[in-house]
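>>> need a structure here:
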Amino acid sequence: MAKESFDKEIQFLRMLVLTSGAYNRKQFAERLGISVHTFDKTLKKLKEVVSTVYQQLPEEQGQEFAESLRFNYYGSAEPMLLFLFRAKSLKDSESQRIARLLSALHEQPLTAKELLDICCTDEIADVSFPDEKTIRGDLKYLAEVGVIRKEPGPRPFRYRLENDLVHALSDDELLDLFDFVDVMSNTQLPSIQGYLLRDGLRKQLSRKAEGNESLEPFLYKYHYYSRILDEAHLFPLLSAIRYRRKVEFLYFSPRMDQSYASQNTNPLFARETEGKQETALPLKVVYDHQYGRWYLLAWHSRSDIRKYRLEGMTQLEEAEVVSEDFFEKKRQLLEDRIRYSWLIDTGRPVTIQCRFINPQADGAAHNFVKERVLLQGQWGRIVEEDECSFVFEITVNGTTEIRPWLRSFGSSCEVLSPAKLRQEMIQEWKEIAAYYESF
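Numbers count the residues shown, from 1 in each chain. Got it, this is the predicted structure:
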């Protein structure tokens, strides 16, 4: 499966959306760490994928892909960058062969030998006939992802489609399931598998509804496209944590000028990259709701606990397995370090006190400021309270991560201590006030 090219396309799309097409071809290629020729090939491939997956979108002749992506993303509630996962990891020959396998299994359960005969008798231009090893590899892959299952019985084993769920439910039950999956995939983490399941249910409902368009009672607007792209590495990392396995990857920090480097197989054309080759033991994956970012917290042999942003990880591969005692020791070390982390900060703990002003609106039904502080304040507590305000106290690792939360309350929050944080907040509000001075 083409994992390396998928990394390239992830970084390609991320930069395309972030820069809004501001780079020319040469600047784009330099930022990605690829050649202009590779840039053109990637752009052509993405155009083909978009035209295949989103056939309903209007395409004007000569329209730039960047313009099309920007228009369709901001003008539609559909998370457009999800199309990359639908086209992920399968070459053209693989997708055609798997389509023939699924089409054959749709009729009846078949053995690997029978499926091989079907693939070798279909007359499709420019497609080479597979061998038995290839067919068995495809069947193993489809069984792992839950598309087919092996039927009980003696050898040779027979395989059938795993579609009992949609056939066992009535139309109303199927519609209820679609609504539930639609809500959960748009509001919960992670989302990719939910979106793919939702699309499968939508197709099934469309077949039964015979053109009825009123299938979706909810409409969502997706904002964090990077969250979708970063989920490409999420499940391999969760698997590595489950089985106590180290991972190897090429990492590009946000401060680097490049965000990708191609895998060079010819030493004559090898180029230097800014990425760092890392080997680490994954311990925890954290999602930052405020900025829509995924973080990996891992143990590194040279620097103890290290933090990585998933958007900078490429060429992810599994490495050796560690013992259960070793893994538990490092996991406990991480838990001790992030005990007072607002998110992932492992700095020195500091106690913060803030005064929150209660809403003074006449006839206010409830104190929404207090409700939000109690809901989002994690392990903090109210230490003082009167009719007009209350004092909230919390101990956190450093003040960097909690500052945006405090700032989001506006004039309803006053930092009391420590004095350094209070002065920093005063300076920030002075800068903000200067933006709104009259000309």
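>>> Where does Asp138 fall, secondary structure wise?
Secondary-structure element containing Asp138, defined by DSSP states H and E: helix 132-144.
>>> Adjacent strands (with direction) for the next helix or strand after that helix?
The C-terminal neighbour of helix 132-144 among helices and strands, as given by DSSP H and E, is strand 148-150. Applying DSSP bridges, strand 148-150 is found paired with strand 158-161 (antiparallel).
>>> Touching the strand it pairs with from outside, list them.
Contacts made with strand 158-161 from outside it, assessed by Cβ atoms under 8 Å, 6 or more residues apart in numbering, are listed as 102, 105-106, 108-112, 115, 139, 142-143, 147-151. Using the backbone N, CA and C atoms, a C-beta is placed for each residue, glycine as well.
>>> Apply 10 Å and report the result again.
By Cβ atoms under 10 Å, 6 or more residues apart in numbering, the list of residues contacting strand 158-161 from outside reads 101-102, 104-112, 114-115, 139, 142-143, 147-152, 167.
>>> Narrow those to just the buried residues.
Among the contacts of strand 158-161, those scoring as buried are Leu101, Ala104, Leu105, Pro109, Leu110, Ala112, Glu114, Leu115, Leu139, Leu142, Val147, Ile148 (criterion: 16 or more other Cβ atoms under 10 Å).
>>> Pretty sure the second one sits against Ile118.
It stands for Ala104. Yes: under the criterion of Cβ atoms under 10 Å, Ala104 lies in contact with Ile118, with a separation of 4.9 Å.
>>> between the two, what contacts are shared?
Leu110.
>>> May I see the buried residues of stretch 349-356?
By neighbour count with 16+ other Cβ under 10 Å, stretch 349-356 contains the buried residues Val350, Ile352, Gln353, Cys354, Phe356.
>>> If you could redo that for stretch 406-418, that was the one I meant.
Going by neighbour count (16+ other Cβ under 10 Å), the buried part of stretch 406-418 is Leu406, Ser412, Cys413, Glu414, Val415.
>>> Endpoint to endpoint, that stretch covers what distance?
The separation between the terminal residues of stretch 406-418, taken as Cα to Cα, to the nearest Å, is 14 Å.
>>> what mean pLDDT does it have?
The average pLDDT within stretch 406-418 is 93.
>>> and the closest residue to Val396 other than its chain neighbours, how many residues sit next to it?
Distances taken as Cβ to Cβ, 6 or more residues apart in numbering place Trp342 nearest to Val396, at 4.9 Å, with adjacent residues excluded. Using other Cβ atoms under 10 Å as the criterion, Trp342 is surrounded by 20 other residues.
>>> cool, the one 5 residues further on as well?
By other Cβ under 10 Å, 14 other residues sit near Gly347.
>>> Surely it forms part of a strand?
No: when the secondary structure is assigned by DSSP: H, G, I helix; E, B strand; the rest coil, Gly347 falls in coil instead of a strand.
>>> any idea how far it is from Ile305?
12 Å (Cβ to Cβ, to the nearest Å).
>>> likewise Leu105?
Applying Cβ to Cβ, one obtains 47 Å for the distance of Leu105 from Ile305.
>>> Output the longest strand belonging to this structure.
Selection of the longest strand in the chain by residue count, based on DSSP state E, yields strand 276-288.
>>> Each with direction, which strands does the helix or strand following that strand pair with?
Counting by DSSP H and E, the element after strand 276-288 in chain order, helix or strand, is strand 293-300. Partner strands and pairing direction for strand 293-300 (DSSP bridges) are strand 276-288 (antiparallel), strand 304-309 (antiparallel).
>>> Same question for the shortest one: list its buried residues.
Going back to what we said before, that points to strand 304-309. Across strand 304-309, burial judged by 16+ other Cβ under 10 Å covers Ile305, Arg306, Lys307, Tyr308, Arg309.
>>> Rounded mean pLDDT for whatever helix or strand Arg227 lives in, please.
Assigning secondary structure by DSSP H and E places Arg227 in helix 225-242. Mean per-residue pLDDT for helix 225-242: 88.
>>> any idea of the angle it forms with strand 304-309?
For helix 225-242 against strand 304-309, the angle by axes from the mean of the first three to the mean of the last three Cα atoms, to 10 degrees is 150 degrees.
>>> For helix 225-242, which helices and strands make contact with it?
Using 3 or more Cβ pairs under 10 Å, 6 or more residues apart in numbering; DSSP states H and E as the contact definition, the elements that helix 225-242 packs against are helix 3-19, helix 83-86, helix 192-209, strand 245-251, strand 276-288, strand 293-300, strand 304-309, strand 313-321.
>>> could you dump the fifth one to CSV, C-alpha only?
Meaning strand 276-288. Extracted in CSV, the C-alpha atoms of strand 276-288 (Å, rounded to 0.1, in the frame of the first residue of the first chain):
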residue,chain,number,x,y,z
LYS,A,276,14.7,14.3,12.1
GLN,A,277,14.6,10.6,12.2
GLU,A,278,13.0,9.6,15.5
THR,A,279,12.5,6.4,17.4
ALA,A,280,10.1,6.7,20.4
LEU,A,281,7.7,4.6,22.5
PRO,A,282,4.2,6.1,22.2
LEU,A,283,2.5,6.5,25.6
LYS,A,284,-0.5,8.8,25.1
VAL,A,285,-2.3,10.7,22.3
VAL,A,286,-3.9,14.0,23.3
TYR,A,287,-6.3,16.2,21.3
ASP,A,288,-6.3,20.0,21.7
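>>> was I right about His167 contacting Arg207?
No: counting by Cβ under 10 Å, no contact exists between His167 and Arg207, whose distance comes to 11.8 Å.
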